[in-house]
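Asks: only geometry, no sequence info:
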């Protein structure tokens, strides 16, 4: 087979692009994609606005000629490649059928491997691009190599990453579809099918994971879910959140990763070196994403991911519970599951996590639903503040406390504000102050305190002015303060009015502030 050249690369492209196109049409696509916002989004260029000859494309990318006048004001000659990358991603890749990309890429890798003029360093660089970038970016890098000036031995070497080169690189070039880089792990590029399409032969021999839209769990692209661990396992009736979950302090959560392989050959097809991993960020935030990864040598693509968000109004971090990883299936994971290595988290980035399997944890997993596996880990949410504040409201005489209320002028409302020490230290002189808006009047003598010492004792009326001291609290203890206000009409506008009440809680120099709102219609 020949090496990598403009002609050989063009021939492979045109043989896989559907519907078939001419050489002239391919040249036009490479510089004038259907509709691309250029640089400042001030103007759009369409393919039919100018005709570009193939030779012009070659000269532009080799630096021998500048860009056409209509494009030059947006992309100078040194940045021509950036424009070509955009064209590949938006107008070349979508024209290559998903179920043909495996064989397509094997031909590309064969060109690279057999090109004697490409240095080992450059081949290694291309392989690295294939592993880390989407298919469009990878093909644009290959394209640039295909049209390189043949006489320049050090061509683009200054743009290559610093790597240790050795003679083993050429031998390590992918030779089978199973080694294809994971450009397809992004949902944007991954193919998805219905059960009916797979039965009709849509996969055509390709082995794929979690790629069914109407599976037993719904759409398999959302194969990672989370639920709070309340100590009850309802089996099939468990409700999993696939987008986000609002966390509570010190609460424990179960994160699940679903594994299901599909192939038209059914149980005759076995995935090899199947690994799973969870990436758990260590930083503090109000929104933290856990991403689950699934990897297999002979799947296409060979790596998949799905994520779920943990959210809170209060900064927090997530702690992985060591020893909690389990696999459940009808084989090695039956009767309550089997424990997996903590490498599912500790080596999520360095080694694709840990092996799973069906008969044993050897990375071998047959296809079909009867071999599906459920991987779970447990994490705990820990708020990164020393104390919490909760706040509620209700109409006087009501039983239930609410997050908000809709009332009329003249109504009386009861508010409660709860403080809790979640640190490891005693907190002294806890202060609380409420700031009332206009049209909400505090009722004197209505402030009461509830804690381990007092059960409704009346406090002074300073809660809405300078604040009141609630005393000292050991770790884990709390206090609740309750008072009553009346809705008045000092300056209400006609229609709907929103009144916001602010509560400020202080321990030493640390202060936290929260709010609650009510709606008054005049």
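Replies: Looks like it arrived, so ask away. What you see is a predicted model, and the numbers here were worked out from it, not measured in a lab. Residues are numbered from 1 along each chain as shown.
Asks: now the stretch 101-250 of the chain, which segments are flagged as low pLDDT?
Replies: For the stretch 101-250 of the chain, applying pLDDT under 70 flags the ranges 131-134, 148-190, 204-205.
Asks: one more time with 90
Replies: Within the stretch 101-250 of the chain, the ranges that satisfy pLDDT under 90 run 101-208, 211, 213, 216-218, 221, 231-238, 249-250.
Asks: before we move on, what about the stretch 351-500 of the chain?
Replies: Along the stretch 351-500 of the chain, segments meeting pLDDT under 90 span 351-352, 366-369, 384-385, 403-404, 424.
Asks: the one helix or strand residue 106 maps to: how far from the chain's middle?
Replies: Using DSSP states H and E, residue 106 maps to helix 101-114. Offset of helix 101-114 from its chain centre (CA atoms, centre = their mean, to the nearest Å): 30 Å.
Asks: helices or strands up against the following helix or strand past that helix?
Replies: Next helix or strand after helix 101-114 toward the C-terminus (DSSP H and E): helix 120-132. Here helix 120-132 is seen to pack against helix 101-114, helix 135-146, helix 168-171 when contacts are counted using 3 or more CB pairs under 8 Å, 6 or more residues apart in numbering; DSSP states H and E. Just so you know, the C-beta spots here come from the backbone N, C-alpha and C atoms, and that holds for glycine as well.
Asks: show me where the chain has its helices.
Replies: Along the chain, the stretches classed as helices by DSSP state H are 6-16, 23-31, 54-61, 69-72, 80-87, 101-114, 120-132, 135-146, 168-171, 195-199, 343-346.
Asks: identify the bridge partners of the residue nearest the centre of the chain.
Replies: The structure's the chain has its C-alpha centroid closest to residue 307; by CA atoms, centre = their mean the separation is 4.4 Å. Taking DSSP bridges as the rule, residue 307 bridges to residue 291.
Asks: so what's it scoring on pLDDT?
Replies: pLDDT for residue 307: 92.
Asks: before we move on, what about the one 3 residues further on?
Replies: Taken from the predicted model, the pLDDT recorded for residue 310 is 96.
Asks: quick one: contacts for it?
Replies: 226, 244, 245, 247, 253, 287, 288, 289, 290, 316, 318, 381 (CB atoms under 8 Å, 6 or more residues apart in numbering).
Asks: and these, which are buried?
Replies: 226, 245, 247, 253, 288, 290, 316, 318, 381 (16 or more other CB atoms under 10 Å).
Asks: now the second one, nearest residue through space, not along the chain?
Replies: Pointing back at residue 245 there. residue 226 (5.0 Å; CB to CB, 6 or more residues apart in numbering).
Asks: could you do residue 351 as well?
Replies: residue 343 (6.8 Å).
Asks: what count of nearby residues applies to that neighbour?
Replies: For residue 343, the neighbour count with other CB atoms under 10 Å is 17.
Asks: what's near enough to touch it?
Replies: Here residue 343 is in contact with 351, 353, 354 (CB under 8 Å, 6+ apart).
Asks: among those, which one sits closest to residue 405?
Replies: residue 353 (48.6 Å; CB to CB).
Asks: so that closest one sits against residue 277, correct?
Replies: Yes: under the criterion of CB atoms under 8 Å, residue 353 makes contact with residue 277 at 2.7 Å.
Asks: common neighbours of the two, please.
Replies: 293, 295, 344, 345, 347.
Asks: which among these end up buried?
Replies: Buried, going by 16+ other CB under 10 Å: 293, 295, 344, 345, out of the shared contacts of residue 353 and residue 277.
Asks: need those residues in a markdown table with distance to residue 281 and pLDDT, can you?
Replies: What follows is those, written out as a markdown table (distance: CB to CB, whole Å; pLDDT from 0 to 100):
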| residue | distance to residue 281 | pLDDT |
| --- | --- | --- |
| 293 | 14 | 93 |
| 295 | 20 | 91 |
| 344 | 15 | 96 |
| 345 | 11 | 94 |
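Asks: mind putting those into CSV with distance to residue 430?
Replies: Supplementary listing: these in CSV, determined by distance: CB to CB, whole Å:
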residue, distance to residue 430
293, 45
295, 50
344, 42
345, 37
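Asks: closest to residue 121 among those residues?
Replies: residue 295 (26.9 Å).
Asks: number of nearby residues for the spatially closest residue to residue 349 that is not a sequence neighbour?
Replies: Leaving aside its chain neighbours, residue 349 sits nearest to residue 279 (7.0 Å; criterion: CB to CB, 6+ apart). As a burial measure, residue 279 scores 15 neighbours (other CB under 10 Å).
Asks: quick check: bridge partners of residue 279?
Replies: residue 291.
Asks: let me see the contact set for it.
Replies: 290, 291, 292, 293, 345, 348, 349.
Asks: in a markdown table: these, plus distance to residue 119.
Replies: Supplementary listing: the contacts of residue 279 in a markdown table, determined by distance: CB to CB, whole Å:
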| residue | distance to residue 119 |
| --- | --- |
| 290 | 41 |
| 291 | 35 |
| 292 | 38 |
| 293 | 32 |
| 345 | 38 |
| 348 | 33 |
| 349 | 29 |
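Asks: isn't the residue nearest to residue 245 right up against residue 255?
Replies: Yes: using CB under 8 Å, residue 226 is in contact with residue 255, at 5.0 Å.
Asks: distance-wise, check residue 377 relative to residue 255.
Replies: 5 Å (CB to CB, to the nearest Å).
Asks: ok, now residue 236?
Replies: With CB to CB as the criterion, residue 236 and residue 255 are 18 Å apart.
Asks: now do residue 10
Replies: 46 Å.
Asks: now swap in residue 375 and tell me
Replies: Counting by CB to CB - residue 375 and residue 255 are separated by 9 Å.
Asks: intersection of neighbour lists for those two?
Replies: In contact with both residue 375 and residue 255: residue 292, using CB under 8 Å, 6+ apart.
Asks: neighbour-wise, which of those two wins?
Replies: residue 375 (28 against 25).
Asks: please list the outside residues in contact with stretch 215-229.
Replies: 187, 190, 192, 195, 210-213, 238-243, 245, 248, 251-260, 290-292, 294, 304, 306-308, 310, 369, 372, 378.
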